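# Only the shape, not the letters, is given here:
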């Protein structure tokens, strides 16, 4: 994915457990999007997945998963 600055940022896919509705999706997306270093966050309720594009110089995959956990959901990297 290309960011607005024209650089390529990695995207991590996380398996997310405990989501039940659109409010869960909105809470996770907001929690991720507000964190410095997260360029974009999209959560798929049906698939139970979160896709996060991020700046690897600002945070790592473990920290991203921890942000989801802090929001009240279990998360782990896929792949």
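On my side now, so go ahead. Because the structure is predicted, anything quoted here is derived from the model rather than measured.
# what sits against residue 65?
14, 75-77 (C-beta atoms under 8 Å, 6 or more residues apart in numbering). Backbone N, C-alpha and C define where each C-beta goes, glycine included.
# what's the answer for residue 44, then?
Shown in contact with residue 44 (C-beta under 8 Å, 6+ apart): 50-51.
# Need the phi and psi values for it.
Dihedral angles of residue 44 (phi, psi; degrees, to the nearest 10) stand at phi -110, psi 110.
# what about it, distance to residue 36?
Distance of residue 44 to residue 36, computed by C-beta to C-beta, to the nearest Å: 24 Å.
# Residue 24 now?
Separation of residue 24 from residue 36 (C-beta to C-beta) stands at 23 Å.
# okay, those two: which has more neighbours?
The neighbour comparison of residue 24 against residue 36 (other C-beta atoms under 10 Å) goes to residue 24, with 17 against 8.
# Much appreciated, bye for now.
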